[in-house]
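In: Provided below for reference: sequence and predicted model.
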Amino acid sequence: QRYRTSRASRRNGDDDVSGEEEYAVSENRRALPRAWMVPEVVAVSDADVVHAVRFSQLPGGRLFDPRRTALVADGPERIGAGEAPGQAVVTRIDDGRIDVEVSSDAGGFLVLSETWHPGWTARIGDHPLAVRRATLSLQGVALGGDQFAGGRFDWLPPYSLLVAIGLVAGYALLGAAWLV
């Protein structure tokens, strides 16, 4: 649909105002959620990941559906069972922390639509999990079925500890400078 608006337009009215510009609003009906579970993980090169994402086709010609398959650099493996690997819902997003509520009977691979960085960590309770780069730029974690059913994930970047140490050191330096 197309809409016209400007800074002077009234939000609760439909009057034309000078200086309005026309905008097109589109909806992506194929958008993926913030977090989801997939039953399959396939190891491919970065070039093959780019090709799969652009053309929805895996090496060998099979259809690539990101709702069912995560692409990683190391593997190959099949994680989880069958058609329904489980559900994942993001319950909290804060600075440097994302909580995901997961329910799964058969396990699977959790994909988080957050840019991958080698320093991110994940855990369920006290159990650390390896965060893998999934589908070129997202984060992923392999889950066992009964081991993690109903768990909560905390995604914490490692620099949060460095920031805390830096803040403490900065306050200490300010305190020392104030005493001098």
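Out: Cool, got the structure.
In: would you map the strands across this structure?
Out: 2-5, 21-24, 35-38, 40-43, 69-72, 77-78, 87-94, 97-103, 108-112, 122-124, 127-129, 132-134, 138-143, 152-155 (DSSP state E).
In: quick one: average pLDDT of the longest one?
Out: Model confidence over strand 87-94 averages 86 on the pLDDT scale.
In: which residues touch that strand?
Out: By C-beta atoms under 8 Å, 6 or more residues apart in numbering, the residues outside strand 87-94 that reach it are 33-37, 98-104, 110, 112, 152. Placement of C-beta: from N, CA and C, glycine included.
In: from the residues you listed, keep the buried residues only.
Out: 35, 36, 37, 98, 100, 102, 104, 110, 112 (16 or more other C-beta atoms under 10 Å).
In: the fourth one pairs with what?
Out: On DSSP bridges, the residues paired with residue 98 through beta bridges are residue 93, residue 155.
In: residue 63 bridge partners, please.
Out: On the basis of DSSP bridges, residue 63 is bridged to residue 57.
In: quick one: it from residue 113, how far?
Out: Relative to residue 113, residue 63 is positioned 21 Å away (C-beta to C-beta, to the nearest Å).
In: repeat that for residue 32.
Out: Going from residue 32 to residue 113 by C-beta to C-beta gives 6 Å.
In: please say which of the two ends up with more neighbours.
Out: Under the criterion of other C-beta atoms under 10 Å, the comparison of residue 32 against residue 113 puts residue 113 first, with 18 against 12.
In: so who does the closest residue in space to the more buried one that isn't next to it in sequence touch?
Out: Closest residue to residue 113 apart from its sequence neighbours, by C-beta to C-beta, 6 or more residues apart in numbering: residue 34 at 5.2 Å. Going by C-beta under 8 Å, 6+ apart, residue 34 touches 90, 112, 113, 114.
In: could you dump those into JSON lines with distance to residue 175 added?
Out: Formatted as JSON lines, these follow (distance: C-beta to C-beta, whole Å):
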{"residue": "90", "distance to residue 175": "39"}
{"residue": "112", "distance to residue 175": "39"}
{"residue": "113", "distance to residue 175": "42"}
{"residue": "114", "distance to residue 175": "37"}
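In: which of the residues you listed sits closest to residue 24?
Out: Nearest to residue 24 among the contacts of residue 34: residue 113, at 24.5 Å, using C-beta to C-beta.
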